[in-house]
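Asker: Any chance you can model this:
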Amino acid sequence: MKNNIGNYTHQVSNPEKFLRFDLTEGDCWFKEKIAHWFQKIDISTVIHYPDEKIIHTKQLLARWLHMREENISIGQGSDELIEIIPQIFIKPKERALTVSPSFFRFSESSVRSGAEIITIPLDRKNSYEWNNTTIKRFFREAKDKQVKLIWLASPNNPTGIDIPQHILLDVIKLGKIIVIDKVLNGFTKEIQEISHLVWENPNLIVLSSFSKTFGLPGLRLGFAIGAPSIIKQIEDKKLPFNIAGPTLFIVEKLLQALLSGEVNMKGGLRLFQERIFLEAEIHKLKNIQLATQSRTNFILLKPTQKINLFKELLEKGILVTNLNKLVGIKNKNFVRVTVRNRKENFILLQALKEIDNHFH
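Answerer: Next up, the predicted model:
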């Protein structure tokens, strides 16, 4: 499973020894508030089951998203929800459809449910944007009666590219169960805009979390938005107390702060400014290029020569994501690099320049 699909987690046994650019973690711009809220966690959140906390968190989440509670299911990260969805909507030997490269967990969870996974390759020569060839191939497969579930991420991982809105709308109109992963763009406006499509499209499921945009992956809280009938099936499949009490406490505080304006979403835009800086510097290199025009907090790099970029950076104490086994870009020596703060980005750039000069 790991080798065939391209699972790129746990790449080294001692990640703590490296400067880490390998995980798509956002930059939490309100760390002091998080630290303060953790100091306020009461022992009651640990010694009691978190049933009431789950209900209250969902109520606040519904207010923030301008949705109803019956349209929302909370998961232990979006990972739990990605694992559950194919168990509900695909029978063994039926098909799930996605593109490649994309998030390996879509294929992994589908195959684990007994499904056949169909992947439509994005065009490398077109910087992995959706072109006419990709669109025609995708819709030809999507109309197959055996395809019951369609996975799409917008922005996509690891390319960082949005799916054009008209394509999303046309896919939704097919009537298949379609999952739109918005984890990489968890800003309120973007989630609300696509989530409101569930009112007229009961086949749509939208996923998001607090891991990327808010830089809080350790909380492990994600959520699914969909029609009440779909959400009920997800809720029935989940374990009853799937979210820890301390996580719910912190998420409650965060949602209250977002609703009151105490936490301003504009702070999350700093990473995008850093990405622009990083991209501008990488454009100056000769042998290392940007593979795509990312819209997210990470970039995709490709060497123009036979450079094992992952290994070269590892030797310089920098850990990035090795994508050599990921379907769609296998054996191309592409790496995914998460944008960090200016000081850390400077260290990365210095390493890239040294590698570039060595092969120039």
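
Asker: before we move on, which element is residue 233 in?
Answerer: helix 228-237 (DSSP states H and E).

Asker: Show residues contacting that helix.
Answerer: 68, 70-73, 81, 84-85, 87-88, 177, 202, 205, 224, 226 (CB atoms under 8 Å, 6 or more residues apart in numbering). C-betas here are computed from N, CA, C, even on glycine.

Asker: what's the most distant pair in these?
Answerer: 68 and 87 (24.6 Å; CB to CB).

Asker: Using CSV, write out every CA atom in stretch 108-128.
Answerer: What follows is stretch 108-128, C-alpha atoms only, in CSV (Å, rounded to 0.1, in the frame of the first residue of the first chain):
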residue,chain,number,x,y,z
GLU,A,108,-5.3,4.8,0.2
SER,A,109,-8.6,4.9,2.0
SER,A,110,-10.5,3.9,-1.2
VAL,A,111,-8.3,0.8,-1.8
ARG,A,112,-8.6,-0.1,1.9
SER,A,113,-12.4,-0.2,1.4
GLY,A,114,-12.1,-2.6,-1.4
ALA,A,115,-12.6,-0.2,-4.2
GLU,A,116,-10.7,0.1,-7.5
ILE,A,117,-9.0,3.6,-7.8
ILE,A,118,-8.9,5.3,-11.1
THR,A,119,-6.5,8.3,-11.5
ILE,A,120,-6.5,10.8,-14.3
PRO,A,121,-3.0,12.2,-14.8
LEU,A,122,-2.6,16.0,-14.8
ASP,A,123,-0.4,17.3,-17.6
ARG,A,124,3.2,17.9,-16.4
LYS,A,125,3.9,20.0,-19.5
ASN,A,126,1.0,22.2,-18.5
SER,A,127,2.4,22.6,-14.9
TYR,A,128,-0.4,20.3,-13.7
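
Asker: the strands in the stretch 1-150 of the chain, which residues?
Answerer: Using DSSP state E, counting those that start in this stretch, the strands found in the stretch 1-150 of the chain span residues 19-20, 72-75, 95-100, 116-121, 147-153.

Asker: next SSE after the longest one?
Answerer: The first helix or strand that comes after strand 147-153 along the chain, using DSSP H and E, is helix 165-172.

Asker: Averaged pLDDT, that next one. What do you get?
Answerer: Regarding helix 165-172, the rounded mean pLDDT is 94.

Asker: Buried residues in it, which are they?
Answerer: Neighbour-count burial for helix 165-172 flags 167-168, 171-172 (criterion: 16 or more other CB atoms under 10 Å).

Asker: Which pair of those residues spans the longest distance?
Answerer: The widest separation within the buried residues of helix 165-172 (CB to CB) is 9.8 Å, between 167 and 172.

Asker: so can I have TSV of the buried residues of helix 165-172 showing distance to residue 192?
Answerer: Below are those laid out as TSV (distance: CB to CB, whole Å):
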residue	distance to residue 192
167	20
168	15
171	20
172	16
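
Asker: Which member of those residues is positioned nearest residue 301?
Answerer: Distance to residue 301 across the buried residues of helix 165-172 (CB to CB) is lowest for residue 167, with 26.2 Å.

Asker: now the strands: where do they sit in the stretch 201-350 of the chain?
Answerer: Under DSSP E, counting those that start in this stretch, the stretch 201-350 of the chain gives strands at 204-209, 222-226, 288-290, 298-303, 318-319, 321-322, 335-338.

Asker: who does the fourth one pair up with?
Answerer: As defined by DSSP bridges, the strand partners of strand 298-303 come to strand 288-290 (antiparallel), strand 335-338 (antiparallel).

Asker: Show me what it is in contact with.
Answerer: The contact list for strand 298-303 (CB under 8 Å, 6+ apart) reads 24, 158-160, 275, 278-279, 282, 287-292, 294, 309, 320, 323, 332-339, 359.

Asker: how close does the closest residue to residue 181 other than its chain neighbours get to residue 242?
Answerer: Closest residue to residue 181 in three dimensions, ignoring its sequence neighbours and counting by CB to CB, 6 or more residues apart in numbering: residue 153, at 3.9 Å. Distance of residue 153 to residue 242, given as CB to CB, to the nearest Å: 23 Å.

Asker: Comparing those two, which shows the higher neighbour count?
Answerer: Using other CB atoms under 10 Å, the more surrounded residue of residue 153 and residue 242 is residue 153, with 25 against 16.

Asker: Count the residues that sit near residue 11.
Answerer: 15.

Asker: before we move on, what about the one 5 residues further on?
Answerer: By other CB under 10 Å, 7 other residues sit near residue 16.

Asker: same check, this time on residue 198
Answerer: 21.

Asker: That one and residue 66, how far apart?
Answerer: Distance, residue 198 to residue 66, by CB to CB: 12 Å.

Asker: overlap in contacts of those two?
Answerer: Counting by CB under 8 Å, 6+ apart, nothing touches both residue 198 and residue 66.

Asker: Can you say which of the contacts of helix 228-237 are buried?
Answerer: Those of those that meet the buried threshold are 71-73, 81, 84-85, 87, 177, 205, 224, 226, by 16+ other CB under 10 Å.
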